[in-house]
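S.K.: predicted coordinates and the sequence they were generated for:
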Amino acid sequence: MTYTYEDKRNKELRVNCEKCFGLCCVALYFSSCDGFPTNKDAGKPCINLQPDFTCSVHKNLRKKGLKGCTAYDCFGAGQKVAQVTYGGHDWRKSPESANQMFEVFLIMRQLHEMLWYLSEAFVLQKDHCIREEISSLIDNTEHLTILDAESLLALDVEAHRTKVNMLLKNTSELIRTKYCSRKNGTLRNRKTSHCGLDYFGADLRRINLRGADLRGACLIAANLRGVDLSGADFIGADLRDADFSGANLTNSIFLTQAQINTTKGDLHTKLPMMLVRPSHWSK
């Protein structure tokens, strides 16, 4: 089966809150310091969640400083759990299934995130044999997403993620090699933190970041104005308040809408085809 960038992401891996039961607003732990309305325990509904599962402040999330809400992306896992796994039966009408549903949502979200990255890897990868491996793993992952609740809870998600990560890393190295310049080393004298490379608030405008390995990097409030980030791998990078005004992200890889939603940018910022320019960016 052939998977295209557009079909996989637009039809199945995009958020559709109208078909969900506000699962991200209930299942997740919230911390007010991370840009959520208030501290909230996992399994407890958000104070802004309405009886019909809509958000009472959805149109004003950024004005209220709720960056955590604007940044979150379930990759379509919410509607999959609501409509497929539980056949449209919500946690309010079936409270006995609530805790199980929330746990299943957390697992489904991980599987859908893997599908997002695998779909991109399939398009990027030019090695026929590796593409076949990716296609097979997509099939396998999709099969897992339609299992019943008990089977999903019994999955060894980490073991599956290890398989996925191997193919993503292989694809990343292939793409980055095409863009990386040997003459101008990227990001020398790297600092490390518990979460990976630490460039908190760093001015990276004079650094060659073509083909850079930024997986898991902390780029909070970093200055990347006008930087060419072609071929740079952003998987798992923290981009909160990073300034990409005028930057070229067109051919960056493994970048998500959730990441972009946390950044600063402008009309001159170039984005990958599947990502949408955030409404809060400067004109």
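M.R.: Perfect, thanks for sending it. Numbers count the residues shown, from 1 in each chain.
S.K.: which stretches in the stretch 1-150 of the chain count as helices?
M.R.: 5-11, 24-27, 67-71, 77-80, 98-124, 128-145, 149-153 (DSSP state H, counting those that start in this stretch).
S.K.: could you pull up the mean pLDDT of the first one?
M.R.: Helix 5-11 carries an average pLDDT of 62.
S.K.: can you start the count at 32 instead of 1 from here on
M.R.: Okay, residue one is now 32; in that scheme the one you just asked about reads as helix 36-42.
S.K.: quick check: W122 vs K98, distance?
M.R.: 26 Å (C-beta to C-beta, to the nearest Å). Every C-beta, even on glycine, is put in place using the N, C-alpha and C of the backbone.
S.K.: looking at these two, which one has more neighbours?
M.R.: More crowded of W122 and K98, by other C-beta atoms under 10 Å: W122, with 25 against 18.
S.K.: quick one on the thing from earlier: turn the helices of the stretch 32-181 of the chain into a markdown table, columns for distance to K295.
M.R.: Putting those into a markdown table (distance: least, C-beta to C-beta, whole Å) gives the following:
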| stretch | distance to K295 |
| --- | --- |
| helix 36-42 | 24 |
| helix 55-58 | 24 |
| helix 98-102 | 12 |
| helix 108-111 | 28 |
| helix 129-155 | 23 |
| helix 159-176 | 33 |
| helix 180-184 | 38 |
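S.K.: out of the ones you listed, which gets nearest to N70?
M.R.: Of all the helices of the stretch 32-181 of the chain, helix 98-102 sits nearest to N70, with 11.4 Å by C-beta to C-beta.
S.K.: what is the mean pLDDT for that closest one?
M.R.: 85.
S.K.: return the distance of that helix from the chain's centre.
M.R.: In this view, helix 98-102 has its centroid 12 Å away from the chain centroid, taken as C-alpha atoms, centre = their mean, to the nearest Å.
S.K.: can you tell me what sits against it?
M.R.: 61-62, 65-68, 86, 92-93, 271, 289-290, 292-293 (C-beta atoms under 8 Å, 6 or more residues apart in numbering).
S.K.: T287 contacts W147, correct?
M.R.: Yes: counting by C-beta atoms under 8 Å, T287 does reach W147; the two are 7.0 Å apart.
S.K.: pLDDT-wise, which helix or strand of the protein ranks last?
M.R.: Each helix and strand of the chain was given a mean pLDDT (mean pLDDT, DSSP states H and E); the minimum falls on strand 223-224 at a mean of 42.
S.K.: what residue ranges in the stretch 182-314 of the chain score low on pLDDT?
M.R.: For the stretch 182-314 of the chain, the stretches flagged by pLDDT under 70 are 212-227.
S.K.: how does it look with 80?
M.R.: In the predicted model of the stretch 182-314 of the chain, residues 212-227, 314 satisfy pLDDT under 80.
S.K.: which stretches of it form strands?
M.R.: 223-224, 227-228 (DSSP state E, counting those that start in this stretch).
S.K.: give me the neighbour count for L168.
M.R.: So L168, with other C-beta under 10 Å, has 20 neighbours.
S.K.: how close does it get to P68?
M.R.: 37 Å.
S.K.: and for L178?
M.R.: 33 Å.
S.K.: cool, C48 as well?
M.R.: Plainly put, C48 is 17 Å away from P68 if you go by C-beta to C-beta.
S.K.: repeat that for D229.
M.R.: Applying C-beta to C-beta to D229 and P68 gives a distance of 29 Å.
S.K.: who has more neighbours out of those two?
M.R.: P68 (20 against 17).
S.K.: tell me if I'm right that that one and N79 touch.
M.R.: Yes: with contact defined as C-beta under 8 Å, P68 reaches N79; the gap is 5.9 Å.
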